[in-house]
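Undergrad: here's a sequence, model it:
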Amino acid sequence: MQLSIDPAATTPPYEQIRAQIAERARSGALPTGLRLPTVRALAEELGLAAGTVARAYRELEADGVVETHGRRGTLIAATGDAPHRLASEAAAEYAARANRLGLSHADALAAVVTALTVAYPEA
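TA: So this is what the prediction gives:
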């Protein structure tokens, strides 16, 4: 698996790793079930600290892109609707919290619109 890290980029190395693996998994370039290199092996290959690669793998697992199976290693997950499912879960958690905080529907929605505008300024 060829990944490239730009040390001059403003994006941290763990995020560069995460983004490249996530995009390749979504596009099918990394097929479901493919075993990723161990944290140590990928860190050595990229000249990075193992903690940097471990963070990227944790973020990928949290996003449902990979699954970690102990001795079997870290595998590309069958994503299917994982991003939509995770987004729906996050939205439900947010809605419940906004309700507990006493926000009106309009105020809660405005907070989401603001957050999305910051996260996706080009949209």
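
Undergrad: what's the helix of greatest length in the chain in contact with?
TA: When the chain is parsed with DSSP state H, its longest helix is helix 82-100. With contact meaning CB atoms under 8 Å, 6 or more residues apart in numbering, helix 82-100 is reached by 63-65, 107-108, 111-112. No exception for glycine: its C-beta is placed from N, CA and C like everyone else's.

Undergrad: again, only using 6 Å
TA: 64, 108 (CB atoms under 6 Å, 6 or more residues apart in numbering).

Undergrad: residues of that helix that come out buried?
TA: Within helix 82-100, the residues that qualify as buried are Ala98, counting by 16 or more other CB atoms under 10 Å.

Undergrad: likewise for stretch 109-122?
TA: Buried residues in stretch 109-122 (16+ other CB under 10 Å): none.

Undergrad: I'd like the average pLDDT over that stretch.
TA: Model confidence over stretch 109-122, given as mean pLDDT, is 92.

Undergrad: domains in this structure, as residue ranges please.
TA: 13-76, 82-119 (automatic domain parsing).

Undergrad: returning to that earlier point: off-centre distance for the longest helix of the chain?
TA: Offset of helix 82-100 from its chain centre (CA atoms, centre = their mean, to the nearest Å): 16 Å.

Undergrad: please consider this matter closed, and thank you.
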